[in-house]
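In: Predicted structure and sequence below. I'll ask about it afterward.
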Amino acid sequence: MKETRQDILAQIFEWMEDTNKPNILWLSGSPGAGKSAIASTVVSQLLDKNSKHKHLSSAFWFKRGDASLGDPTALWRTIAFGLACHDLGIQQNVLDVLEQQDLDTAGVEDHFKHLMESSLSKCPSSQLVVIVLDALDECASGAPRMQLLGTLQRWMVLPRNCKLLVTSRAESDIKRCFETGVQHIELKTGRLVDKETSKDVFKFLTGEFSRIAGGYASLPPKWPGEPVIKQLTNKAAGLFIWAKTVIRFLEEDIPAERLSLIMDGKLETGDIDQLYLTILNNAFEHDRIGTAKAVLGTIVLGKIPLQDKDIKNLLGESLGTVEFVLQKMQSVLVRDGKHGIGITHQSFADFLSDPVRSGQFSIDQQTLAHKLAFSCLQIMNSGLQFNICKLETSHLSNDKVTDLDKRIRENIPSHLAYACQFWVEHLISALRLGEDPEPELIKGVQHLLYGHLLHWLEVLSVIRAVPIAAHTLKAVCKWIKVSSSPHGIGDWSWI
């Protein structure tokens, strides 16, 4: 929103232009404090032709659980590509590296060394390079994340004209990484929220209430009045996601009635969990909670944004049931006809995944992962077949088939494409620690590998997803070692 967060943005751009300051700026804050909005604003100004901050730049947004945006190994190759698109020198260096190095299976550290350090070291000192890395805390855990944090520490010794803006929650490993050698800005929330942030929240709410009132002749132009907006500003306590969610909740129904639910509810200052509970309790009767959890959980655990028909096929529910849940939860979901359905903010996914916070609305991730894994196997075992796209010849490469995209749309439904890409991710998540896999999963995997292995590879080929095949099969081999216990089914020796 224009004319908000001006103090924070001024600090960021002052740091950016000063090559005497550390080359990393860490912007930290609670979930919903507005870190991603600030990062987006910085990127938009860097890309604005009329902005005075026109520097060579690239950006990456992490997203927890997303197959590509949650992968630490995707970061530096994506950043290098972004820079190479706008600088011929970096472009040539990247091309030289790709001719000399095999980076197909390389990890985070090799990507940073060959694609970033070598390219940035050749940039003239007069050229400011600005990289924006948003939601670092949402990248996957484990060894790749540790390696990524190691490359961020190596960034500190790059020339000072190479600037890196990182936003994240203040998680312990990130705090250790940025203990020294960086400039730090913390977005205060709760009892520590500063006056400038509160003013911005008040300005946001005032503008949104004015917009809502403009659509109802029954509401006065200055509805609901400055005192109420100040109360809501205080309750938000610097959490922009709290204010935004309230506005979307009001828009779902009669605004004045919805506002009464918020004002009459027992919402503590800055309590996003209680706001989510108010929305859920208002949306679903007790007999609908199980369905709501399944639909919302599928959106949370989905590896890419899903369409409503994909959720229907993965859960085996009616389309009407799925649409009912989606309609009731518009305030916390975002729908894009092209890209699918997602949650408006990671804090809602965290809330649903924590039984202490969400109570009866919490999702059992392993149980749901089992259901999704079994559904993926069923979808593949019933839908895969030889020459699924009905190609007249196998003597043409995919790129030479002029109507391949049309054939894919007609013959490979999106839920089948999803199952082919992500079945093993759900399969691994369904395995409880110390327990054998469920027999129905073992049988499903056996049926797929014995009967449809080449058909699966054919689908991956036409949807341009072959690179995931090696990773998937390696993961299946590890999973099979567990299922080869005395309780396992069948002979896996051929694997």
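Out: That came through, no problem.

In: rest of the way, CA atoms for contacts and neighbours
Out: OK.

In: Look at Asp71 and report its pLDDT.
Out: The score at Asp71 is 89. That number is its pLDDT.

In: helices or strands next to the helix or strand Val300 falls within in the packing?
Out: Val300 is located in helix 289-301, with elements delineated by DSSP states H and E. Identification of packing neighbours for helix 289-301 by 3 or more Cα pairs under 8 Å, 6 or more residues apart in numbering; DSSP states H and E yields helix 308-315, helix 319-328, strand 340-343, helix 365-383.

In: So which bits of it are buried?
Out: Judged by neighbour count using 16 or more other Cα atoms under 10 Å, the buried positions of helix 289-301 are 289, 291-301.

In: Same question for stretch 177-189.
Out: In terms of neighbour count (16+ other Cα under 10 Å), stretch 177-189 has its buried residues at 178, 182-184, 186-189.

In: how about low-confidence regions in the stretch 201-350 of the chain?
Out: 266, 337 (pLDDT under 70).

In: one step back: let me know the angle separating the helix holding Val300 from helix 308-315.
Out: Inter-element angle recorded for helix 289-301 and helix 308-315: 110 degrees (by axes from the mean of the first three to the mean of the last three Cα atoms, to 10 degrees).

In: quick one: Thr278 from Trp26, how far?
Out: If you measure Thr278 against Trp26 using Cα to Cα, to the nearest Å, the figure is 34 Å.

In: Those two: who's more crowded?
Out: A count of neighbours by other Cα atoms under 10 Å puts Trp26 above the other of Thr278 and Trp26, at 22 against 17.

In: Can you name the residues bridging to the more buried one?
Out: Val166, His184 (DSSP bridges).

In: Retrieve the pLDDT associated with it.
Out: Confidence at Trp26, expressed as pLDDT, is 98.

In: what's the answer for Gly488, then?
Out: Model confidence at Gly488, expressed as pLDDT, equals 48.

In: could the buried residues of helix 289-301 go into TSV alongside distance to Thr73?
Out: Formatted as TSV, the buried residues of helix 289-301 follow (distance: Cα to Cα, whole Å):
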residue	distance to Thr73
Ile289	38
Thr291	36
Ala292	34
Lys293	32
Ala294	31
Val295	30
Leu296	28
Gly297	26
Thr298	25
Ile299	24
Val300	22
Leu301	20
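
In: do you know how far the residue positioned nearest the centre of the chain is from Ser347?
Out: In the chain, the centroid-proximal residue (Cα atoms, centre = their mean) is Lys63; its distance is 2.5 Å. In this structure, Lys63 and Ser347 are separated by 12 Å, where distance is defined by Cα to Cα.

In: Check the contact between Asn411 and Cys389; I expect there is one.
Out: Yes - with contact defined as Cα atoms under 8 Å, Asn411 counts as touching Cys389 (5.7 Å).

In: residue boundaries of the strands in the chain?
Out: With strands called from DSSP state E, the chain shows them at 24-29, 56-61, 129-134, 162-168, 183-187, 333-336, 340-343.

In: Which of these sits closest to Thr393?
Out: When these are ranked by proximity to Thr393, the top entry is strand 340-343, at 33.4 Å, counting by Cα to Cα.

In: got the CA positions of that closest one in PDB?
Out: Below are the C-alpha coordinates for strand 340-343, written out as PDB (Å, rounded to 0.1, in the frame of the first residue of the first chain):
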ATOM      1  CA  GLY A 340      -4.600 -23.000  -8.200                       C
ATOM      2  CA  ILE A 341      -5.600 -22.600  -4.600                       C
ATOM      3  CA  GLY A 342      -3.200 -21.600  -1.800                       C
ATOM      4  CA  ILE A 343      -3.200 -20.200   1.700                       C
END
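
In: And it, how far out from the chain middle?
Out: Strand 340-343 has its average C-alpha position 10 Å from the chain's average C-alpha position, going by Cα atoms, centre = their mean, to the nearest Å.

In: quick one: contacts of it?
Out: Contact partners of strand 340-343, identified using Cα atoms under 8 Å, 6 or more residues apart in numbering, comprise 299-300, 305-308, 332-335, 349.

In: go again using 10 Å as the cut-off
Out: Here strand 340-343 makes contact (Cα atoms under 10 Å, 6 or more residues apart in numbering) with 296, 299-300, 302, 304-308, 310-311, 326, 329-336, 349.

In: Leu315 contacts Ile379, doesn't it?
Out: No - in this structure, Leu315 is not within contact of Ile379 by Cα atoms under 10 Å, at 11.1 Å.

In: before we move on, the earlier item: any chance of CSV for the helices and strands packed on helix 289-301, columns mean neighbour count?
Out: Compiled in CSV, these are given as follows (neighbours: other Cα atoms under 10 Å):
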stretch, mean neighbour count
helix 308-315, 20
helix 319-328, 16
strand 340-343, 19
helix 365-383, 21
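
In: now for these, which one comes closest to Gln92?
Out: For Gln92, the closest of these is strand 340-343, at 36.4 Å, according to Cα to Cα.

In: Sounds good, over and out.
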